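> sequence-free structure coming up:
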């Protein structure tokens, strides 16, 4: 029996409000609640609610024969909780059928895999915890933002304990080979790969209502014929697409719901295909090949690369400016900072700054509420400037605390009180020499710190290193604090 | 006096300068009738205005007919064809022009937008027609016209009234467009300079351009530097972003203003002082190019674009700034440094600006000298003493630049002109 594997991506970004230069330092509210609410309600009514109901009905009708999988970004889940509890409930009903698998991804649908393993890992853990909390299922299969994948990303995912990952069946990677088999990471064979059949996926996701397409209108009959024409040796067809395809990108009037209503019954009655989830697919299939991907691929645009999010100057500068703050942000416990840090990483912000105007530019426009990429960029940078200022202030406050605690301890241990006074005296007399003295006194300080190591703040400083060392040994330990952050967010 | 804009409805420095000039003249007991294409309401009622929109031009009047005949030479490169009779003229106007209302007989009223849109040249010409009627209806001694938009009006008024014309040059086509001059504008300017009895230039720099580029005899041109509207010194609370030092550029983001040199200098400053912030306020045709360039230099987190600022925001911006930079490639005068100084902000200006001729407590650099510009910015930021000196002395200096004084010079030009004519 051949396998048909549906995976749907559910994502909504936290869109930024119009944020002016003069808002910097004054307004720390970055997100356009009203706009996000409106979009969420619109998509909920046009897509999430009717499509969830349809899937639920199909699952009941075929009694375990029809299965699908979802990846829902943390930013989408947060917005369900804020604006669309009904949608969340309907996903919970789907989860309860046992025929729906939920996958792991980054919490904020971010590009963190491209720049920071630590941030990437944190986000995945946070996302997995959230899925488990809401749907009672611990994700076993991973899919990265926009199916972005490379050898290195695959390795990092495997490091986190995932044995299966989804990505694009890009021509430039597969060359003459078919995506319709199970593959593995060439350098890390422990990681199995399910590859998107982009032709059959995009027939539904992009071409379904295109009147100029020679196969228009697409019927379930025709589609099953195509499935049946696939060579008898091939084993699985992976249909990966945005969930918003149903009712939002392809309107209800296009007949997309009817298509999905008929598809399972025709697949099950007329073809040798049966539906499966990614986990089942990997369990039942043999690895038939391995692939190696040096430069990251994605499922976007004709290029199937990162150029929708990164590559032009404004995207790269914004991206680098954001992640320059990572080290500082990690030191801050403040829940607002952590929330904003996550939401600002969402890939959509960089997508809005894309300047590829041809071909896919049209698709980009559809998803973009800014007039120009430059407008999006300046708005984002204004927000980021305010965020950076907040972060800097908090870090400075932390440093001040640490110094305060160290200073008395150091003084009591090292009774060289006269030294700084001397330095000051020298400074007044001979400004050039004073520099040297300054350097000396600075050099002395770390020594004092070493002496004062036993005091509490010095211990704190050691912690991050310990954590890094302990990470690989006991990754579970870190999950506990992670959960707490999630709860705070509510 | 013919102008094109007047506060509060202004798009550039011209309106601001006219406001100061008229106030100053009023102070010096000169009675001014100020003509604008359009009154928007909200103008200060201590001035006497004529709204060109409200003027009815009587083409049956003999004085106007005669002037129209003599004004033929003005029509070089303009769509107004030489005409035989006023009736034919009205007809030819009617064909290409919906923005006028023919009243009974030969009387016509024109509609002006007062903008700088695509109909600008047409409005400039209609403004001249209206000027004839105004010159006929009012009693005055001297005609004063500001910049090329009003030169044809000035000439027409001179034709009708026989009164002397003083032309005031705030900017030339070479300042606006570099070497890519618009020939029609150039021709109008040249005709204005030649028809004028005397010319007032806002700087020696501009005077030089008139001599070199327009072939105007030097003895006709007098330099009167602009001033700045006086205000109480305000202490702005630095609330924004503003534990940080901010270096500001404020103006149109166009070739003339040299914004690209500001960007390159910013990069050099950030290499030494990574926590300084730069602001580019304004809009213009180089805007996107510079956003791109700033991103390419990877300094967007320190370099902000605000877009166009209104006057309250402009004041706020000066108040927030540690240094104000005007790196103009060609600036006939340049009023923004004075505004910055008035807010107690130290200023760096290019030598290629007219205002450099009168200011002492500023730093002056050549616009192309990015290194020196960067050094100057760093110097002002790193050594508070010099910043403080420039801010304090600069404020005093600007305080001495009153429109009353500038207007007194203008009044002298009027007297001189009247003497020559008699």
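Sure, I can see it. Since this is a predicted model, take the numbers as computed values, not measurements.
> switch to C-alpha atoms for all contacts and neighbour counts from now on
Will do.
> was I right about residue B:165 contacting residue B:154?
Yes - under the criterion of C-alpha atoms under 8 Å, residue B:165 makes contact with residue B:154 at 6.6 Å.
> what sits in contact with each of those two?
Taking C-alpha atoms under 8 Å, 6 or more residues apart in numbering or on different chains as the contact rule, residue B:165 and residue B:154 both touch B:143, B:144, B:145.
> Run through the bridge partners of the first one.
Residues in a beta bridge with residue B:143, per DSSP bridges, are residue B:165.
> Roughly how far does it sit from residue B:304?
When C-alpha to C-alpha, to the nearest Å is the yardstick, residue B:143 and residue B:304 sit 45 Å from each other.
> Residue A:338 now?
Taken as C-alpha to C-alpha, the span from residue A:338 to residue B:304 is 25 Å.
> before we move on, what about residue B:367?
Distance, residue B:367 to residue B:304, by C-alpha to C-alpha: 21 Å.
> Might you report the residue contacts of the residue nearest to the spatial centre of chain A?
Compute the mean C-alpha point of chain A, and by C-alpha atoms, centre = their mean the closest residue is residue A:109, 2.6 Å away. Counting by C-alpha under 8 Å, 6+ apart, residue A:109 makes contact with A:11, A:13, A:73, A:74, A:75, A:144, A:145, A:345, A:346, A:347.
> go on, residue B:280?
Residues counted as contacts of residue B:280 (C-alpha under 8 Å, 6+ apart) are B:248, B:249, B:250, B:303, B:304, B:305, B:306, B:307.
> where's the second one, which helix or strand?
This means residue B:249. strand B:246-250 (DSSP states H and E).
> on that earlier part again, neighbour count: residue A:338 and residue B:304, which is higher?
Shown here are residue A:338 and residue B:304; by other C-alpha atoms under 10 Å in any protein chain shown, residue B:304 has more neighbours (22 against 16).
> Quick one: residues contacting the more buried one.
Residue B:304 makes contact with A:21, A:378, A:381, A:382, B:277, B:278, B:279, B:280, according to C-alpha under 8 Å, 6+ apart.
> next helix or strand past the particular helix or strand that has it in it?
Using DSSP H and E, residue B:304 falls within strand B:303-307. Using DSSP H and E, the next helix or strand after strand B:303-307 towards the C-terminus is helix B:311-320.
> elements contacting that following helix?
strand B:246-250 (3 or more C-alpha pairs under 8 Å, 6 or more residues apart in numbering or on different chains; DSSP states H and E).
> ok, and does the strand it packs on reach over to chain A?
No - for strand B:246-250, no contact with chain A is found by C-alpha under 8 Å from any C-alpha of the partner chain; the gap never falls below 12.6 Å.
> got any ranges where chain B has weak pLDDT?
Within chain B, the stretches falling below the threshold (pLDDT under 70) are B:12, B:71-105, B:232-242.
> tell me which parts of it are close to chain A?
B:239-241, B:288, B:291-293, B:295-296, B:298-302, B:304-306.
> for the closest residue to residue A:2 other than its chain neighbours, phi and psi?
The shortest distance from residue A:2 to any non-neighbouring residue, by C-alpha to C-alpha, 6 or more residues apart in numbering or on different chains, is to residue A:273 (4.6 Å). Main-chain dihedrals, residue A:273, degrees, to the nearest 10: phi -80, psi 150.
> What is the burial count for residue A:285?
For residue A:285, the neighbour count with other C-alpha under 10 Å is 15.
> what sits against it?
Neighbouring residues of residue A:285 by C-alpha under 8 Å, 6+ apart: A:182, A:235.
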